[in-house]
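Colleague: With the sequence up front, the predicted model follows.
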Amino acid sequence: MKVIVAENYEDGAKKAADVIEALVRSNPACTLGLATGSSPVGMYKELARRCKEEGLDFSKVHTVNLDEYVGLEPTHPQSYRYFMDDNLFNHINIDKANTYVAKGTGDVEANIREFNKILDQTDIDLQVLGVGPDGHLGFNEPGAVLYEKAHQETLEDSTIDANTRFFESRDEVPRFAVTMGMGSIMKAKTLLMIINGNKQEAARKLLMEDRIDPMCPATFLRLHRDAVVVIEKELAEEIGYKA
Ligand code: GLP
(Lines give C-alpha, C1' and ligand atoms only; values in the text may rest on other atoms or scores of the structure.)
Protein backbone atom coordinates (compact mmCIF):
# COMPACT_ATOMS: atom_id res chain seq x y z
CA MET A 1 0.00 0.00 0.00
CA LYS A 2 1.22 3.45 -0.83
CA VAL A 3 0.20 6.02 1.75
CA ILE A 4 0.15 9.73 0.93
CA VAL A 5 -0.16 12.00 3.95
CA ALA A 6 -1.84 15.24 2.91
CA GLU A 7 -1.54 18.55 4.75
CA ASN A 8 -5.32 19.01 4.85
CA TYR A 9 -8.52 18.24 2.93
CA GLU A 10 -7.70 20.52 -0.04
CA ASP A 11 -4.19 19.16 -0.34
CA GLY A 12 -5.56 15.61 -0.22
CA ALA A 13 -8.05 16.49 -2.96
CA LYS A 14 -5.21 17.75 -5.16
CA LYS A 15 -2.98 14.76 -4.47
CA ALA A 16 -5.83 12.36 -5.26
CA ALA A 17 -6.65 14.36 -8.41
CA ASP A 18 -2.99 14.00 -9.44
CA VAL A 19 -3.36 10.21 -9.39
CA ILE A 20 -6.47 10.36 -11.59
CA GLU A 21 -4.97 12.97 -13.90
CA ALA A 22 -1.88 10.81 -14.50
CA LEU A 23 -4.12 7.90 -15.47
CA VAL A 24 -6.42 9.91 -17.73
CA ARG A 25 -3.48 11.56 -19.51
CA SER A 26 -1.72 8.22 -20.08
CA ASN A 27 -4.88 6.33 -20.95
CA PRO A 28 -7.58 8.74 -22.19
CA ALA A 29 -10.07 5.90 -22.69
CA CYS A 30 -9.69 4.51 -19.18
CA THR A 31 -12.51 3.33 -16.93
CA LEU A 32 -12.86 4.93 -13.54
CA GLY A 33 -14.80 3.40 -10.67
CA LEU A 34 -16.24 6.30 -8.70
CA ALA A 35 -17.50 6.87 -5.19
CA THR A 36 -19.82 9.32 -3.47
CA GLY A 37 -19.60 10.89 -0.01
CA SER A 38 -17.89 14.04 1.19
CA SER A 39 -14.38 12.55 1.00
CA PRO A 40 -14.02 12.67 -2.83
CA VAL A 41 -15.98 15.93 -3.38
CA GLY A 42 -12.87 18.13 -3.23
CA MET A 43 -11.09 15.86 -5.69
CA TYR A 44 -14.04 16.03 -8.10
CA LYS A 45 -13.99 19.82 -7.84
CA GLU A 46 -10.29 19.86 -8.60
CA LEU A 47 -10.73 17.52 -11.58
CA ALA A 48 -13.49 19.78 -12.92
CA ARG A 49 -11.14 22.76 -12.61
CA ARG A 50 -8.35 20.92 -14.41
CA CYS A 51 -10.79 19.91 -17.16
CA LYS A 52 -11.92 23.52 -17.62
CA GLU A 53 -8.65 25.34 -17.15
CA GLU A 54 -5.99 22.82 -18.10
CA GLY A 55 -7.68 20.74 -20.77
CA LEU A 56 -7.85 17.48 -18.82
CA ASP A 57 -9.94 15.50 -21.25
CA PHE A 58 -12.70 13.12 -20.11
CA SER A 59 -14.36 12.72 -23.49
CA LYS A 60 -13.32 9.09 -23.86
CA VAL A 61 -13.45 8.11 -20.18
CA HIS A 62 -16.03 5.59 -18.94
CA THR A 63 -17.18 5.41 -15.33
CA VAL A 64 -19.05 3.02 -13.10
CA ASN A 65 -20.13 3.89 -9.57
CA LEU A 66 -19.77 1.84 -6.45
CA ASP A 67 -23.31 1.94 -5.18
CA GLU A 68 -26.80 3.46 -5.07
CA TYR A 69 -29.53 3.73 -2.48
CA VAL A 70 -32.54 1.50 -2.98
CA GLY A 71 -35.73 3.52 -3.33
CA LEU A 72 -34.37 6.85 -4.57
CA GLU A 73 -35.14 8.04 -8.10
CA PRO A 74 -32.11 9.35 -10.03
CA THR A 75 -33.69 12.80 -9.77
CA HIS A 76 -33.71 12.65 -5.95
CA PRO A 77 -31.03 15.10 -4.69
CA GLN A 78 -29.60 12.42 -2.38
CA SER A 79 -29.43 9.70 -5.00
CA TYR A 80 -25.92 8.85 -6.03
CA ARG A 81 -26.74 9.43 -9.71
CA TYR A 82 -27.76 12.99 -8.81
CA PHE A 83 -24.63 13.37 -6.66
CA MET A 84 -22.34 12.33 -9.50
CA ASP A 85 -24.01 14.61 -12.03
CA ASP A 86 -23.99 17.50 -9.60
CA ASN A 87 -20.45 17.08 -8.27
CA LEU A 88 -18.62 15.90 -11.36
CA PHE A 89 -20.30 14.91 -14.60
CA ASN A 90 -22.04 18.26 -15.19
CA HIS A 91 -18.69 20.02 -14.86
CA ILE A 92 -16.43 17.93 -17.11
CA ASN A 93 -16.54 16.97 -20.78
CA ILE A 94 -17.64 13.39 -20.18
CA ASP A 95 -20.32 11.74 -22.30
CA LYS A 96 -23.00 10.84 -19.74
CA ALA A 97 -23.86 7.79 -21.87
CA ASN A 98 -20.46 6.49 -20.73
CA THR A 99 -21.31 6.81 -17.03
CA TYR A 100 -23.09 4.10 -15.09
CA VAL A 101 -24.72 4.34 -11.67
CA ALA A 102 -26.84 1.35 -10.69
CA LYS A 103 -30.59 1.93 -10.64
CA GLY A 104 -32.12 2.40 -7.23
CA THR A 105 -35.79 2.04 -8.12
CA GLY A 106 -37.88 -0.60 -9.86
CA ASP A 107 -37.07 -4.30 -9.68
CA VAL A 108 -34.09 -4.59 -7.31
CA GLU A 109 -33.12 -8.07 -8.51
CA ALA A 110 -33.15 -6.94 -12.14
CA ASN A 111 -31.09 -3.88 -11.20
CA ILE A 112 -28.51 -6.08 -9.50
CA ARG A 113 -28.37 -8.41 -12.51
CA GLU A 114 -27.78 -5.42 -14.79
CA PHE A 115 -25.12 -4.03 -12.43
CA ASN A 116 -23.28 -7.36 -12.39
CA LYS A 117 -23.50 -7.65 -16.16
CA ILE A 118 -21.90 -4.21 -16.54
CA LEU A 119 -19.20 -5.12 -14.00
CA ASP A 120 -18.47 -8.41 -15.77
CA GLN A 121 -17.93 -6.51 -19.01
CA THR A 122 -15.82 -3.77 -17.46
CA ASP A 123 -12.17 -3.63 -16.47
CA ILE A 124 -11.89 -0.84 -13.95
CA ASP A 125 -8.53 0.87 -14.20
CA LEU A 126 -8.88 2.83 -10.98
CA GLN A 127 -11.48 2.61 -8.24
CA VAL A 128 -12.03 5.63 -6.01
CA LEU A 129 -13.02 4.74 -2.45
CA GLY A 130 -14.11 6.57 0.64
CA VAL A 131 -14.67 4.66 3.84
CA GLY A 132 -17.61 4.55 6.20
CA PRO A 133 -17.04 5.25 9.90
CA ASP A 134 -17.63 1.51 10.45
CA GLY A 135 -15.07 0.64 7.76
CA HIS A 136 -17.56 -0.07 4.99
CA LEU A 137 -16.47 0.12 1.35
CA GLY A 138 -19.18 1.20 -1.05
CA PHE A 139 -22.00 -0.20 1.03
CA ASN A 140 -20.24 -3.46 1.94
CA GLU A 141 -21.06 -3.36 5.61
CA PRO A 142 -18.97 -5.17 8.25
CA GLY A 143 -19.98 -8.78 8.76
CA ALA A 144 -18.71 -12.29 9.28
CA VAL A 145 -19.23 -12.80 5.55
CA LEU A 146 -18.59 -10.39 2.70
CA TYR A 147 -19.84 -10.77 -0.86
CA GLU A 148 -17.95 -10.96 -4.12
CA LYS A 149 -20.50 -9.54 -6.56
CA ALA A 150 -22.94 -6.67 -6.64
CA HIS A 151 -25.79 -7.26 -4.24
CA GLN A 152 -28.23 -5.57 -1.90
CA GLU A 153 -27.10 -4.57 1.59
CA THR A 154 -29.08 -3.63 4.67
CA LEU A 155 -27.48 -0.49 6.05
CA GLU A 156 -26.03 -0.55 9.56
CA ASP A 157 -27.46 1.86 12.12
CA SER A 158 -24.14 3.70 12.21
CA THR A 159 -24.29 4.17 8.43
CA ILE A 160 -27.84 5.49 8.64
CA ASP A 161 -26.71 7.83 11.42
CA ALA A 162 -23.71 9.01 9.41
CA ASN A 163 -25.79 9.68 6.30
CA THR A 164 -28.70 11.36 8.11
CA ARG A 165 -26.91 14.69 7.69
CA PHE A 166 -27.82 14.66 4.00
CA PHE A 167 -31.56 14.11 4.57
CA GLU A 168 -34.34 16.09 6.31
CA SER A 169 -34.62 13.41 8.97
CA ARG A 170 -33.24 9.98 9.89
CA ASP A 171 -36.50 8.37 8.76
CA GLU A 172 -35.85 9.48 5.20
CA VAL A 173 -32.51 7.71 4.91
CA PRO A 174 -32.98 4.56 2.80
CA ARG A 175 -32.48 1.30 4.71
CA PHE A 176 -31.11 -0.62 1.73
CA ALA A 177 -28.58 -0.06 -1.01
CA VAL A 178 -27.13 -1.91 -3.97
CA THR A 179 -23.36 -2.03 -4.00
CA MET A 180 -20.45 -3.52 -5.87
CA GLY A 181 -19.21 -6.53 -3.97
CA MET A 182 -15.75 -6.81 -2.49
CA GLY A 183 -14.61 -8.88 -5.50
CA SER A 184 -15.69 -6.19 -7.95
CA ILE A 185 -13.74 -3.61 -5.95
CA MET A 186 -10.63 -5.74 -5.55
CA LYS A 187 -10.50 -6.47 -9.29
CA ALA A 188 -9.81 -2.83 -10.13
CA LYS A 189 -6.21 -2.36 -11.25
CA THR A 190 -5.62 0.50 -8.82
CA LEU A 191 -7.51 1.48 -5.68
CA LEU A 192 -7.47 5.10 -4.54
CA MET A 193 -8.86 5.64 -1.06
CA ILE A 194 -9.41 9.09 0.41
CA ILE A 195 -9.72 8.99 4.16
CA ASN A 196 -10.34 11.95 6.42
CA GLY A 197 -12.63 13.21 9.14
CA ASN A 198 -13.95 10.96 11.89
CA LYS A 199 -12.60 7.69 10.48
CA GLN A 200 -10.13 6.98 13.28
CA GLU A 201 -11.15 3.41 13.87
CA ALA A 202 -11.15 2.39 10.21
CA ALA A 203 -7.89 4.27 9.58
CA ARG A 204 -6.24 2.61 12.56
CA LYS A 205 -7.31 -0.87 11.47
CA LEU A 206 -6.19 -0.20 7.91
CA LEU A 207 -2.84 1.44 8.59
CA MET A 208 -1.75 0.35 12.04
CA GLU A 209 -2.81 -3.31 12.23
CA ASP A 210 -1.76 -6.35 10.28
CA ARG A 211 -5.20 -7.96 10.09
CA ILE A 212 -7.68 -8.48 7.30
CA ASP A 213 -10.90 -8.06 9.17
CA PRO A 214 -14.32 -8.55 7.56
CA MET A 215 -15.66 -6.45 10.42
CA CYS A 216 -13.73 -3.61 8.79
CA PRO A 217 -13.96 -4.13 5.00
CA ALA A 218 -11.47 -1.29 4.42
CA THR A 219 -8.69 -3.60 5.67
CA PHE A 220 -9.03 -5.58 2.42
CA LEU A 221 -6.99 -2.84 0.78
CA ARG A 222 -3.98 -4.50 2.37
CA LEU A 223 -4.47 -7.42 -0.02
CA HIS A 224 -4.40 -5.29 -3.16
CA ARG A 225 -1.28 -4.95 -5.32
CA ASP A 226 -1.74 -1.30 -6.12
CA ALA A 227 -3.66 0.52 -3.42
CA VAL A 228 -3.06 4.19 -2.73
CA VAL A 229 -4.38 5.78 0.46
CA VAL A 230 -4.58 9.55 0.80
CA ILE A 231 -4.97 10.47 4.46
CA GLU A 232 -5.13 13.86 6.15
CA LYS A 233 -2.17 14.68 8.39
CA GLU A 234 -4.40 15.38 11.38
CA LEU A 235 -6.02 11.96 11.16
CA ALA A 236 -2.67 10.24 10.52
CA GLU A 237 -1.28 11.88 13.66
CA GLU A 238 -4.34 10.95 15.71
CA ILE A 239 -3.86 7.26 14.97
CA GLY A 240 -0.07 7.44 15.40
CA TYR A 241 0.73 6.74 11.73
CA LYS A 242 4.18 7.89 10.65
CA ALA A 243 5.15 8.01 6.98
C1 GLP B 1 -21.43 6.34 1.97
C2 GLP B 1 -20.94 5.69 0.67
C3 GLP B 1 -19.50 5.25 0.80
C4 GLP B 1 -18.66 6.36 1.38
C5 GLP B 1 -19.18 6.71 2.76
C6 GLP B 1 -18.34 7.73 3.48
O7 GLP B 1 -21.83 5.41 2.91
N8 GLP B 1 -21.74 4.58 0.29
O9 GLP B 1 -19.02 4.84 -0.46
O10 GLP B 1 -17.32 5.98 1.43
O11 GLP B 1 -20.49 7.20 2.57
O12 GLP B 1 -18.76 9.01 3.19
P13 GLP B 1 -18.02 10.33 3.58
O14 GLP B 1 -16.91 10.46 2.61
O15 GLP B 1 -19.06 11.39 3.42
O16 GLP B 1 -17.55 10.19 4.96
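Modeller: Arrived safely, thanks for sending.

Colleague: How about the contacts made by the residue positioned nearest the centre of the chain?
Modeller: With distances taken as C-alpha atoms, centre = their mean, residue 35 lies nearest the centre of the chain, 2.7 Å away. Each residue near residue 35 by C-beta atoms under 8 Å, 6 or more residues apart in numbering is listed here: 65-66, 127-130, 138. All C-beta spots, glycine's among them, are computed from the backbone N, C-alpha and C.

Colleague: Would you agree residue 68 falls within a strand?
Modeller: Yes - under DSSP: H, G, I helix; E, B strand; the rest coil, residue 68 sits within a strand.

Colleague: can you tell me which residues contact it?
Modeller: By C-beta under 8 Å, 6+ apart, the neighbours of residue 68 are 79-81, 101-104, 177-178.

Colleague: that older thread, intersect the contacts of residue 35 with the contacts of the ligand.
Modeller: 66, 130, 138 (C-beta under 6 Å from any ligand atom).

Colleague: The second one: what's it in contact with?
Modeller: Put plainly, it is residue 130. 35-40, 193-195.

Colleague: Can you report how many residues neighbour residue 154?
Modeller: Per other C-beta atoms under 10 Å, the neighbour tally for residue 154 reads 12.

Colleague: Then the one 3 residues further on?
Modeller: Residue 157 has 9 neighbours, counted by other C-beta under 10 Å.

Colleague: And it, its phi and psi?
Modeller: Torsion angles at residue 157 (phi, psi; degrees, to the nearest 10) stand at phi -50, psi -40.

Colleague: do residue 81 as well
Modeller: phi -60, psi -50.

Colleague: Now that it has come up, it's in contact with residue 67, right?
Modeller: No - look at residue 81 against residue 67 with C-beta atoms under 8 Å: they stay out of range, at 11.0 Å.

Colleague: Spatially nearest residue to the residue nearest to the centre of the chain (excluding sequence neighbours)?
Modeller: residue 128 (4.5 Å; C-beta to C-beta, 6 or more residues apart in numbering).

Colleague: give me the beta-bridge partners of that neighbour?
Modeller: residue 192 (DSSP bridges).
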